[in-house]
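Q: Provide a 3D model corresponding to the input given below.
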Amino acid sequence: MTLAELAERLQAELVGDGSIEITGVQGLEEATPSDLTFVANPRYAALARTTQAGAILVTPDFPALATPTLRLSNPYLAFAQALALFHTPPDHPPGIHPTAVIDPTASIGENAHIGAYVVIGRHVVLGPHAVLLPHVVLYDRVQAGHHFFAHAHAVVREGCQLGDSVTLENGVIVGADGFGFARDAHGRWQKIPQTGPVRIGSHVDIQANACIDRSSVGSTVIGEGSKIDNLVQVGHGSRVGSHTLLCAQVGLAGSSVVGSNAILAGQAGVAGHCEIGDGVILTAQSGVSHDVPAGKMISGSPAFDNRLWLRAVSLFQRLPELVRRITALEKRLNALPTAEQTTHPHPGGQQK
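A: The predicted structure is shown next:
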């Protein structure tokens, strides 16, 4: 489509030649004269002057460029929307593969695609337009809303409930037993039954090999619009609010509470029974063992305020230099004469 047509679709301000034909979307360094690209991070602003792209998505206040620009408040979101315009997703026509095993008590909504070797248990309820790719397993009494999409080898355990437009990537496990054991009088660990389901809100995406554990009592809850990255562990009985991001390898111990619009960056960990407030940001590899008030940015392990952490890290890098300076000062102090050495007695042993 022409750049002018694309600007209209994205509701962007066009600056430059709108007759350019755009056929794809690429990054700044890979783009060709028929591609659209974007600049959302100021660190890459210099590349905007050297890219071969036919047009660039930028913010309204971005400096003028020789290359045509589409100006709008969120170039990154517009880039995602443009990708959707040029990308043709795989087609999954309605139908049930002959190798699928579906219990007769299950209710399957209209226009469902059920792939090879899918297993659907008793009293499962699927809304319309579900897509279950090969080897997906839904245990008994699972409920999922419309446009449920489960990639190959995703598993949803008994009694779990999923809202509308939930996507499970490959290998996701929803509702596996939580890690609950009690020690008996002989020092042996006895398993605690994990009876509570997982409840997932609408428009939740869970990436590959993430695990959302069921609870011993109550429920494990993931709020509407939240996004969970690869290899994330959500412990039993935890609650995650709406529109929160749990990035790669985040771990929530049992009964953790994370508010809405929070961001837990890669490998951040939260100890059990801790409460993380709305809008909190835990930077990568932070380890939290205490409650965090809403709106805070926390870093480090043990974690504390990000600004103080940045100062501490800066000082930590200077420790070898500071040790050398302290050692040198100690040597100078030791070399000074003592008070006794500075006392000069009168000849003959008597002072006047």
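
Q: contacts and neighbour counts: CA atoms only from here.
A: Fine.

Q: got the domain ranges for the protein?
A: 3-86, 154-307 (automatic domain parsing).

Q: how about the strands in the stretch 251-352 of the chain?
A: Ranges of strands in the stretch 251-352 of the chain, per DSSP state E, counting those that start in this stretch, are 251-252, 257-258, 263-264, 269-270, 275-276, 281-282, 287-288, 297-299, 304-305.

Q: mind putting the ones you listed in a markdown table, mean neighbour count included?
A: Formatted as a markdown table, the strands of the stretch 251-352 of the chain follow (neighbours: other Cα atoms under 10 Å):
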| stretch | mean neighbour count |
| --- | --- |
| strand 251-252 | 25 |
| strand 257-258 | 26 |
| strand 263-264 | 24 |
| strand 269-270 | 26 |
| strand 275-276 | 24 |
| strand 281-282 | 27 |
| strand 287-288 | 22 |
| strand 297-299 | 22 |
| strand 304-305 | 16 |
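
Q: reformat the domains of the chain as JSON lines; add distance to L138 and mean pLDDT.
A: Shown next, in JSON lines, are those (distance: least, Cα to Cα, whole Å; pLDDT from 0 to 100):
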{"stretch": "domain 3-86", "distance to L138": "29", "mean pLDDT": "93"}
{"stretch": "domain 154-307", "distance to L138": "5", "mean pLDDT": "96"}
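
Q: just these: most buried one?
A: domain 154-307 (a mean of 21; mean count of other Cα atoms under 10 Å).

Q: do me a favour and get the end-to-end distance for that domain?
A: 40 Å (Cα to Cα, to the nearest Å).

Q: that older thread, to P98, which of the domains of the chain lies closest?
A: With Cα to Cα as the criterion, P98 lies closest to domain 154-307 of these, at 19.4 Å.

Q: out of the strands of the stretch 251-352 of the chain, the one nearest A12 is which?
A: So among the strands of the stretch 251-352 of the chain, strand 263-264 is nearest, using Cα to Cα, at 28.5 Å.

Q: export the domains of the chain as TSV, with columns for distance to P98.
A: Shown next, in TSV, are the domains of the chain (distance: least, Cα to Cα, whole Å):
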stretch	distance to P98
domain 3-86	32
domain 154-307	19
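
Q: which stretch among those domains comes nearest A100?
A: domain 154-307 (14.6 Å).

Q: could I get the strands of the stretch 251-352 of the chain as CSV with distance to L65?
A: Listed next are the strands of the stretch 251-352 of the chain as CSV, based on distance: least, Cα to Cα, whole Å:
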stretch, distance to L65
strand 251-252, 44
strand 257-258, 43
strand 263-264, 34
strand 269-270, 44
strand 275-276, 43
strand 281-282, 35
strand 287-288, 44
strand 297-299, 36
strand 304-305, 40
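
Q: is L47 in a helix, a strand, or coil?
A: helix (DSSP: H, G, I helix; E, B strand; the rest coil).

Q: show me the contacts for it.
A: L47 sits next to 28-29 when contact means Cα atoms under 8 Å, 6 or more residues apart in numbering.

Q: now do A7
A: With Cα under 8 Å, 6+ apart, A7 has these contacts: 13-14, 70.

Q: I'd like to know how far it sits from C274.
A: Distance check for A7 against C274: by Cα to Cα, it reads 46 Å.

Q: over to Q52?
A: Q52 is 50 Å from C274, by Cα to Cα.

Q: could you do A150 as well?
A: For A150 relative to C274 (Cα to Cα), the value is 31 Å.

Q: which parts of the chain are helices?
A: 3-10, 75-86, 306-317, 319-335 (DSSP state H).

Q: and the residue nearest the centre of this protein?
A: C247 (2.2 Å; Cα atoms, centre = their mean).

Q: how about that residue, what does it touch?
A: 228-230, 232, 263-267.

Q: cutoff 7 Å now
A: 228-229, 264-266 (Cα atoms under 7 Å, 6 or more residues apart in numbering).

Q: so what's R239 bridging to?
A: Counting by DSSP bridges, R239 forms beta bridges with V221, V257.

Q: still on that earlier bit, could I get the contacts of C247 as JSON lines with distance to A45?
A: Converted to JSON lines, the contacts of C247 look like this (distance: Cα to Cα, whole Å):
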{"residue": "I228", "distance to A45": "30"}
{"residue": "D229", "distance to A45": "28"}
{"residue": "L264", "distance to A45": "27"}
{"residue": "A265", "distance to A45": "25"}
{"residue": "G266", "distance to A45": "26"}
